[in-house]
Each structure stands twice: as C-alpha cells, then as structure tokens.
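1. got a sequence here, can you model it:
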Amino acid sequence: MRATLLPAVLLLLWTCDLHAQVPNGSFEAWFTVPNTPLLFPEQWTLSIGQPTQNVTQTATARTGNLAVRGEVVGTSLPPPFNVQIPRLESIATFGPGSTVPPEPGFLVSNAEPAVSGFYILDAVGGDELLVIVQMLRFTSTDSALVGLGSLSLPAASSYTAFTAPINYSSGDPPTHCWIIITVQGVGTTPQPGSVFLVDDISFSGSTTVDEGEWVTAVTALENYPNPFSERTKLSFSLNKPTFVSVAIFDLLGRQVEELVAGYLPQGGHHVSFDASTLPSGVYLYRIEGDGSAKTRPMIVSR
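-> This is a model prediction of the structure:
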C-alpha cells in the first residue's frame, strides 16, 4: 500500500507547486510611504496623483484581516477630470525603503494560464470591475507583450470568484506579470459611488468564462491583427438578432470611438477600426447587446 500511495503523494505535492505566487495577493502586508499619508499594499501601487486616495485598505476581507477597497470619486473639475477612477496595479518591488521600478509588474518565470481572485462590486449605473493581465518580457535591449487577458465583471454583493484566462501570442517566456484592476463604465465614464473590494489574487489554471448566450463562443469578439500599428478588424458572431453597441475605450474608461450602434441580424459581423491618430498603448474594445457584454484588450504598437 505504501508503494502505491507514494507516487500519488508526490504527484499531489508537484501539482500544488504548479503555479507561482502573486506577491502579496492576499493584501495582508501594507506600509506607509515615507513623508506622506499614503498607505500602500506591498508590491502593488495605487491610483495616486489625485486629490483623494481612492484605493485604500479595508478590514472586510475574504480571508485574513485585510483586502483592497477602491471607489469612484466625483470632483469639481471639468470633464474628463470630474471623476477619479480607482486603479490597482502590481509592480516589481515596492515596499518600505523602495521606489517604483522602471518596469511594471512583478517577476515571473512561467507562462501562467490565468489569474484568479475574489471581488465585491457595489456598482452605480451598471459600472463593472475590469481586470487586465499583461505578461511582459523584458531584455537588456527591448520589451514585448507576450500574453494578455481581460475580464469585465458585473455587480456582486458578496465575495465572488473570478478567473481571467491569459492568451499568449509568443513562445518566449514572460519575465513580468502586470495586473491592473479598475472600474469601467458602460458606454461612458464610471459613475461616482461605485465601490469594489478585491482579495486573494493568485495564478490558476484556465477556465471558460460564460459571458452571455447571445455571443457565440470562440468567434465572439476577436480582432486581427493584434497588436497592430494603424488598422485592425473586429469580428463577432450573434446567435440571435439584437441591438448591438461596439465601442473603443482607453484604460481610464473613456470612450475613444463608437464603431457600431444599431440592430444587427444573427450571424457573423466584421468592423474595421482605424487607430492611426491614437498613441501607442493598450485599449479596450467592448460589445454590448441584449443585457450582456464582452470586453477585450487590443494593443496599438508603433
């Protein structure tokens, strides 16, 4: 019996060590930035440079004692600065006595399949929690995006699990993982009063996320090429006729352009997007229809 159990025990131990750890993914370790009132979770940075620190610690944790709380805050400034959007980002090393490194994300050595965690979202006006995962590769002379994942999450009154699968476009192993968690509006900027809590962020195995029956799986909302320099084609498929909106947003949730706003028949559809006037960076394209929505990232690279 002992000879039979040993391989199983070794397999279990190996399986438990498959995924690397997200540093301080439970948000238990915090510190005060010297000479400031800012309180940061170690190895994460917050939306700073705003009148109010709108990402803070909270004792309403899923496990342990602490979690992260973010709130959309209104200001008296003119648009688009009249809303402070909370933003939580992972970084390489940030703790007592350290500074923000030149490269974003913490160190990794494997192409992890997905990032998981738990969240609460008290949403105003249909706001959603947006999770973006970028797997980056830095060398002594260059940097590249080798993997990308994103997930839009609806309101949730208690801690709810999420998983953001990561799609890889290169066989080169990543060196850094950059996780961004923020709030996005539905067709507009996020609404003041929307509040999120997140806890227990970790790497995990990939799972299929059901984002609504009206968008057909696999062919739903893809763009090619991605990354691209000037033009790309968005493709999506509907399994029933419905009113559809397709729009482009920046990472602050501001709408860049609306590509489609109308009633479309069942079947496949394609629309071109011209980004020649936009600066290089990460943008989001979003399709809404019949009460469901999908959001995907795109990279403008020149």
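
2. for the rest of this, base every contact and every neighbour count on C-alpha atoms.
-> Will do.

3. and the helices in the stretch 101-250 of the chain?
-> Read by DSSP state H, counting those that start in this stretch, the stretch 101-250 of the chain holds no helices at all.

4. shaky segments in the stretch 201-302 of the chain?
-> 206-221, 252-253, 290-293 (pLDDT under 70).

5. go again using 80 as the cut-off
-> Residue ranges of the stretch 201-302 of the chain with pLDDT under 80: 205-222, 239-242, 250-255, 286, 288-297, 302.

6. contact partners for the closest residue to residue 231 other than its chain neighbours?
-> Nearest residue to residue 231 in three dimensions, chain neighbours excluded: residue 274, at 4.6 Å (CA to CA, 6 or more residues apart in numbering). By CA atoms under 8 Å, 6 or more residues apart in numbering, residue 274 lies in contact with 230, 231, 232.

7. between these, which is closest to residue 302?
-> residue 230 (8.4 Å; CA to CA).

8. gap between the closest one and residue 134?
-> Relative to residue 134, residue 230 is positioned 21 Å away (criterion: CA to CA, to the nearest Å).

9. swap in residue 172?
-> Taking CA to CA, one finds residue 172 at 14 Å from residue 134.

10. neighbour-wise, which of those two wins?
-> Between residue 172 and residue 134, residue 134 has the larger neighbour count (other CA atoms under 10 Å), namely 24 against 15.

11. quick check: buried residues in stretch 71-91?
-> Judged by neighbour count (16 or more other CA atoms under 10 Å), stretch 71-91 contains these buried residues: 71-74, 83-91.

12. oops, could you answer that again for stretch 106-124 instead?
-> Quick answer for stretch 106-124 (16+ other CA under 10 Å): 106-108, 110-124.

13. quick one: end-to-end length of stretch 246-262, please.
-> This stretch, stretch 246-262, spans 9 Å end to end (CA to CA).

14. switch to numbering from 357
-> Right, with 357 as the first residue, what we last looked at is stretch 602-618.

15. what comes up buried for it?
-> Result for stretch 602-618 [16+ other CA under 10 Å]: buried residues 602, 603, 604, 605, 606, 607, 608, 609, 610, 611, 615.

16. burial of residue 623, as a residue count?
-> 13.

17. how much space separates residue 486 from residue 461?
-> Taken as CA to CA, the span from residue 486 to residue 461 is 17 Å.

18. more neighbours: which of these two?
-> residue 461 (24 against 20).

19. give me every residue that touches the nearest residue to residue 499 once chain neighbours are set aside.
-> Leaving aside its sequence neighbours, residue 499 sits nearest to residue 493 (CA to CA, 6+ apart; 5.5 Å). Residue 493 is in contact with 499, 500, 501, 502, 528, 529, 530, 531, 532, counting by CA under 8 Å, 6+ apart.

20. repeat the analysis, applying 7 Å as the threshold.
-> The contact partners of residue 493, by CA atoms under 7 Å, 6 or more residues apart in numbering, come to 499, 500, 501, 502, 529, 530, 531, 532.

21. with residue 554 instead?
-> 423, 424, 425, 474, 475, 476.
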